[in-house]
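Visitor: prediction below, plus the sequence it came from.
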Amino acid sequence: YSTAAAIEEPIKPSLTIDHTQLLINGKFVDAASGKTFSTLDPRTGEERSRILLRFADLVEKHNNEIAALETWDNGKPYEQSATIEVPMFVRLFRYYAGWADKIHGLTVPADGPYHVQTLREPIGVAGQIIPWNFPLLMFAWKVGPALACGNTVVLKTAEQTPLSALYVSKLMHEAGLPPGVLNVVSGFGPTAGASLASHMDVDKIAFTGSTATGKIVLQLAATSNLKKTTLELGGKSPFIVCEDADVDQAVELAHFALFFNQGQCCCAGSRTYVHERVYDEFLEKAKARAIQRSVGDPFKGGIEQGPQIDSEQFEKILRCIRAGIDGGATLETGGERFGTKGYYIKPTVFSNVQDDMLIAKEEIFGPVQSILKYKDLGEVIRRANASRYGLAAGVFTQNIDTANTLTRALRVGTVWVNCFDIFDAAIPFGGYKMSGQGREKGVYSLDNYLQVKAVVTPLKNP
Ligand code: ADP
């Protein structure tokens, strides 16, 4: 009987459940107390990892609808949503499904006649506040580990992008998640977000967004119940092109590091440091590449850049561009809106950028590349580290000594060497300095959603 077909296609019984009472003396009757209790389908029951795996399968099945929703809400190219972001979302849930049954404590060899063990328990109710730049991926980074560790979740989406989270949460319930375990609230920051951060019954808060709002969240957590807090905040990441670099490749990667997702990445390589020996060639090619970037309706094929998220961000980016010009940087290309409607901005490149200019210090969150010249490694390390942020860095070199020196010297949470924006589920992500506290993804995220309980028992009864 055990054929593959039988395993793949389970029989679906057409059956209504009529008998749920007690059978006493030949009759179905209610309990004297009137109470009822539920019975679990053991195929779906309490197996956390199976629910997450089934959920990942469902999301995969609905890949294109979910991708369309994401692009509709956010404006990012549909091809990016469909071929990068939904698949990464699925991978992340499969990764954390794999952890769900591997969370365990230790037996600890302590002094004294005691048996000591640690238990790793869920924290309880996890509050999660996410931004609009990667609505699906931020959902996955937060909800995946929280559920794998056995917590319940109240997630607040960004007011600009509530749709994809609602869609996938419905699929999560179809996958068998019991009601009440994952709750999604669409709402605004100072009301819904602040209530979560200050709520006395929320045991943990995970926040991704701006550094300014991160400070508010930490304060609310501290003045309410000291809930455990993780923060993933802003950045001003250096992308360092070394003197030995293949310029064509360096230009392409630096371009991607900054312009990906309309420049709306907390880790965007927004300070492009180029060694003086290759600076002129790099600049000319970086400008040409920006001019070539295809901007337009994100639902069209071949489009690299869609609109910015909203008018507020659009205006802020244009203000930063004006500050760049007023501050004395050279506008090489772009610098204005693209077209006449929507929040499109022309890919913009500034050269002759100095470290103390606003465009080299503030997070722009838009398609604006700032190119800075440097002479030697010690100098670029000092300048790269002279930022209150410390989220990520890119390093472009073929020289292993240079790579080793930079990876050790840069005070950032991620260094990508000869690559950028590699975000596999297993790789931890988070910031040094004012770019945040804690790490998400990988094995590190489990600690965010678990408590350690020490259990001490005498080896012999007294
Ligand atoms: P951005 O400027 O990129 O929109 P924010 O940090 O303001 O970044 O937003 C990120 C998330 O934080 C969003 O979900 C937003 O609603 C929420 N948020 C904004 N203000 C507050 C606040 N005072 N308390 C809690 N959450 C907030």
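Guide: Yep, that arrived.
Visitor: okay, now residue 314: neighbour count?
Guide: Using other Cβ atoms under 10 Å, residue 314 is surrounded by 18 other residues. To be clear about C-beta, it is placed using only N, CA and C from the backbone, and glycine gets the same treatment.
Visitor: again with the one 4 residues further on
Guide: Using other Cβ under 10 Å, residue 318 is surrounded by 18 other residues.
Visitor: dump the residue contacts of it.
Guide: 336-337, 345 (Cβ atoms under 8 Å, 6 or more residues apart in numbering).
Visitor: now residue 110
Guide: Taking Cβ under 8 Å, 6+ apart as the contact definition, residue 110 lies against 116, 456.
Visitor: and what about it, helix, strand or coil?
Guide: Here residue 110 is coil, with the state taken from DSSP: H, G, I helix; E, B strand; the rest coil.
Visitor: how near is it to residue 103?
Guide: Per Cβ to Cβ, to the nearest Å, residue 110 is found 22 Å from residue 103.
Visitor: ditto for residue 62
Guide: Residue 62 is 29 Å from residue 103, by Cβ to Cβ.
Visitor: which of the contacts of residue 318 are buried?
Guide: With burial judged by 16 or more other Cβ atoms under 10 Å, the buried subset of the contacts of residue 318 is 337, 345.
Visitor: give me the subset of the contacts of residue 318 that lies in strands.
Guide: Using DSSP state E, the subset of the contacts of residue 318 located in strands is empty.
Visitor: which one of the contacts of residue 318 is nearest to residue 289?
Guide: residue 345 (16.2 Å; Cβ to Cβ).
Visitor: start and end of stretch 264-283, how far apart?
Guide: 22 Å (Cα to Cα, to the nearest Å).
Visitor: what is the mean pLDDT for it?
Guide: The average pLDDT within stretch 264-283 is 98.
Visitor: the residue in the stretch 301-450 of the chain positioned nearest to the ligand: neighbour count?
Guide: Here the residue of the stretch 301-450 of the chain nearest the ligand is residue 365; by Cβ to the nearest ligand atom that distance is 6.9 Å. If you count neighbours by other Cβ under 10 Å, residue 365 ends up with 24.
Visitor: interface residues of the stretch 51-200 of the chain facing the ligand?
Guide: 129-131, 156, 158-159, 188-190, 193-194, 197 (Cβ under 6 Å from any ligand atom).
Visitor: which ones among these map onto helices?
Guide: Counted as lying in helices by DSSP state H, out of those, are 194, 197.
Visitor: list buried residues within the residues of the stretch 51-200 of the chain next to the ligand.
Guide: Buried members of these, scored by 16+ other Cβ under 10 Å, are 129-131, 156, 158, 189, 193-194, 197.
Visitor: turn those residues into JSON lines, columns for pLDDT.
Guide: Below are those laid out as JSON lines (pLDDT from 0 to 100):
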{"residue": "129", "pLDDT": "98"}
{"residue": "130", "pLDDT": "98"}
{"residue": "131", "pLDDT": "98"}
{"residue": "156", "pLDDT": "97"}
{"residue": "158", "pLDDT": "97"}
{"residue": "189", "pLDDT": "97"}
{"residue": "193", "pLDDT": "98"}
{"residue": "194", "pLDDT": "98"}
{"residue": "197", "pLDDT": "98"}
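Visitor: between the residues you listed, which sits nearest residue 53?
Guide: The closest of those to residue 53 turns out to be residue 130 (Cβ to Cβ; 22.9 Å).
Visitor: residues contacting the residue lying closest to that closest one once chain neighbours are set aside?
Guide: Closest residue to residue 130 apart from its sequence neighbours, by Cβ to Cβ, 6 or more residues apart in numbering: residue 138 at 3.9 Å. Shown in contact with residue 138 (Cβ under 8 Å, 6+ apart): 130-131, 208.
Visitor: in strands, which of these fall?
Guide: The members of those that map onto strands under DSSP E are residue 208.
Visitor: and residue 150, how far is that from residue 52?
Guide: From residue 150 across to residue 52, the span is 12 Å (Cβ to Cβ).
Visitor: just checking, residue 373 touches residue 274?
Guide: Yes: Residue 373 is within contact range of residue 274, at 6.1 Å (criterion: Cβ atoms under 8 Å).
Visitor: more neighbours: which of the two?
Guide: Counted by other Cβ under 10 Å, residue 373 and residue 274 do not tie: residue 274 has more neighbours, with 29 against 18.
Visitor: the helix or strand where that one lies packs against which elements?
Guide: Element membership of residue 274, judged by DSSP states H and E, is strand 269-275. Counting contacts by 3 or more Cβ pairs under 8 Å, 6 or more residues apart in numbering; DSSP states H and E, strand 269-275 is packed against strand 237-241, helix 247-259, helix 279-292, strand 368-374, helix 377-385, strand 392-396.
Visitor: what pairs with that strand, parallel or antiparallel?
Guide: strand 237-241 (parallel), strand 368-374 (parallel) (DSSP bridges).
Visitor: most neighbours per residue, which of those strands?
Guide: Stretch with highest mean neighbour count among the strands paired with strand 269-275: strand 237-241 (a mean of 29; mean count of other Cβ atoms under 10 Å).
Visitor: between that strand and helix 377-385, how many degrees?
Guide: 160 degrees (axes from the mean of the first three to the mean of the last three Cα atoms, to 10 degrees).
Visitor: can you list contacts of strand 237-241?
Guide: The contact list for strand 237-241 (Cβ under 8 Å, 6+ apart) reads 250, 253-254, 257-258, 267-275, 278, 282, 380, 383-384, 387, 389, 391-397, 406, 410, 412, 420.
Visitor: which residues of the stretch 201-350 of the chain lie near the ligand?
Guide: Contact residues (Cβ under 6 Å from any ligand atom) of the stretch 201-350 of the chain with the ligand: 209-210, 213, 216-217.
Visitor: scan the residues you listed and report the most crowded one.
Guide: residue 217 leads these on contacts (other Cβ under 10 Å) with 26 neighbours.
Visitor: hmm, that one is touching residue 205, no?
Guide: Yes: if you go by Cβ under 8 Å, residue 217 and residue 205 touch, sitting 6.3 Å apart.
Visitor: and the strands in the stretch 301-450 of the chain?
Guide: Secondary structure of the stretch 301-450 of the chain (DSSP state E, counting those that start in this stretch): strands at 330-333, 348-351, 368-374, 389-390, 392-396, 414-417, 432-433, 436-437, 450-458.
Visitor: what sits against the residue of the stretch 1-150 of the chain found nearest the ligand?
Guide: Among the residues of the stretch 1-150 of the chain, residue 131 lies closest to the ligand, at 4.1 Å counting by Cβ to the nearest ligand atom. Residue 131 makes contacts with 138, 158, 208-209, as judged by Cβ under 8 Å, 6+ apart.
Visitor: which residue is nearest the middle of the chain?
Guide: residue 138 (3.7 Å; Cα atoms, centre = their mean).
Visitor: so it sits in a strand?
Guide: No: using three-state DSSP, the assignment for residue 138 is helix, not a strand.
Visitor: I'd like the numbering to begin with 38 instead of 1 from here.
Guide: In the new count, where the first residue is 38, that last one comes out as residue 175.
Visitor: report pLDDT for it.
Guide: What the model reports for residue 175 is a pLDDT of 98.
Visitor: need the nearest residue in space to residue 117, chain neighbours excluded.
Guide: residue 298 (7.5 Å).
Visitor: all set now, cheers.
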